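Predicted model, plus sequence, below.
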Amino acid sequence: KNEVEQSPQNLTAQEGEFITINCSYSVGISALHWLQQHPGGGIVSLFMLSSGKKKHGRLIATINIQEKHSSLHITASHPRDSAVYICAVLGNQFYFGTGTSLTVIP
Amino acid sequence: DAEITQSPRHKITETGRQVTLACHQTWNHNNMFWYRQDLGHGLRLIHYSYGVQDTNKGEVSDGYSVSRSNTEDLPLTLESAASSQTSVYFCASSRQWNEKLFFGSGTQLSVL
C-alpha cells in the first residue's frame, strides 16, 4: 500500500513547455514537501506547504487538503530542470512517493 | 556554511560483515533520519532520532541500528550485512519535526 502516489512516473518535454507533476496521498498530513533529486543523487527540498500555493522562480506548488492532492508546475521548462521530483507528506512520519523522472529536451 | 555530510560515498562489502555509515550535520538540528532508496520504492525510513540519546525504529529497521551520542552525528550500523541491504542510503536532518528536511549526498552500498 502506497500512502503517496505520483503521476506520471516518467515525463519527457521540449524546452519551454509547461509541466505538471501530480501527487495524491491517503493519510492525514500536516505538510507536504516537493523534493528534487538530480542525477548523481543529491536531494534538495524545493517547497514545503500546508495550504494554498507557493512560487519560487519558475516553479509553482499547489495543494488541496480536502482532495488530498498537490501539483508541481514548471513554467518555461529548461534542460537543467531534468531530475526526479519526489512528493513527500508528513503525517506521523514522512511518506515518500516513488518520484517522477523528468527529461527536458533542448 | 552549515551542511550535512555522509561517508563513505561508495562502499562494497561482503555478506556477514559489520558496516557503519557515517552522517554528520553542522546545523545543530535535533532531528536526524536514515532512509534507503531502492528502485520501485520511495525513500523508506530505517531509523530516526529526535535528540541525543533518542533513537526510534522506522518501517525497515531490521538488521540496522543507530546511536545518538551527540547532536551532530547519527551513524547507521549494519550488524551483519545482507545482499538485500544493497541500496542507496540517505541521511537527513531537520530543526523541528514539521520543518524542511536537509539531505546528505547519499552512500551507495553494495553487499556481495
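Great, that's in hand.

ok, which residues in chain A are in contact with chain B?
A:2, A:4, A:30-31, A:33, A:35, A:41-45, A:48, A:86, A:88, A:90, A:93-99 (CB under 8 Å from any CB of the partner chain). Heads up, the C-betas are built off the backbone N, CA and C, glycines and all.

hang on, residue A:92 is in a strand, isn't it?
No: the assignment for residue A:92, made by DSSP: H, G, I helix; E, B strand; the rest coil, is coil rather than a strand.

and it, how many neighbours?
Residue A:92 is flanked by 10 other residues according to other CB atoms under 10 Å in any protein chain shown.

for it, what are its contacts?
Residues in contact with residue A:92 (CB atoms under 8 Å, 6 or more residues apart in numbering or on different chains): none are found.

Only the buried subset of the residues of chain A next to chain B, as a PyMOL command please.
Applying 16 or more other CB atoms under 10 Å in any protein chain shown to the residues of chain A next to chain B, the buried members can be selected in PyMOL as follows:
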select buried, chain A and resi 4+31+33+35+41+43+45+48+86+88+90+94+95+96+97+98+99
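
Low-confidence regions, the chain specifically.
Defaulting to chain A. Applying pLDDT under 70 to chain A flags residues A:1.

Switch to chain B, please.
Ranges of chain B meeting pLDDT under 70: B:1-2.

wait, what's in contact with whatever residue of it ends up closest to chain A?
Residue of chain B nearest chain A, by CB to the nearest CB: residue B:42 (3.4 Å). Going by CB under 8 Å, 6+ apart, residue B:42 touches A:2, A:4, A:86, A:88, A:95-99.

Now do the contacts for the closest residue to it other than its chain neighbours.
Excluding the flanking residues, the one nearest residue B:42 by CB to CB, 6 or more residues apart in numbering or on different chains is residue A:96, at 3.4 Å. By CB under 8 Å, 6+ apart, the contact set of residue A:96 is A:4, A:86-88, B:35, B:42-44.

re earlier: which one of the contacts of residue B:42 is nearest chain B?
Proximity of the contacts of residue B:42 to chain B (CB to the nearest CB) peaks at residue A:96, which lies at 3.4 Å.

Who is that closest one paired with across the strands?
Note on residue A:96: beta-bridge partners by DSSP bridges are residue A:88.

Pull up the gap between the residue nearest the centre of chain B and residue A:87, please.
For chain B, the residue nearest the mean C-alpha position is residue B:34 (3.0 Å; CA atoms, centre = their mean). Remark: distance between residue B:34 and residue A:87 (CB to CB, to the nearest Å) = 20 Å.
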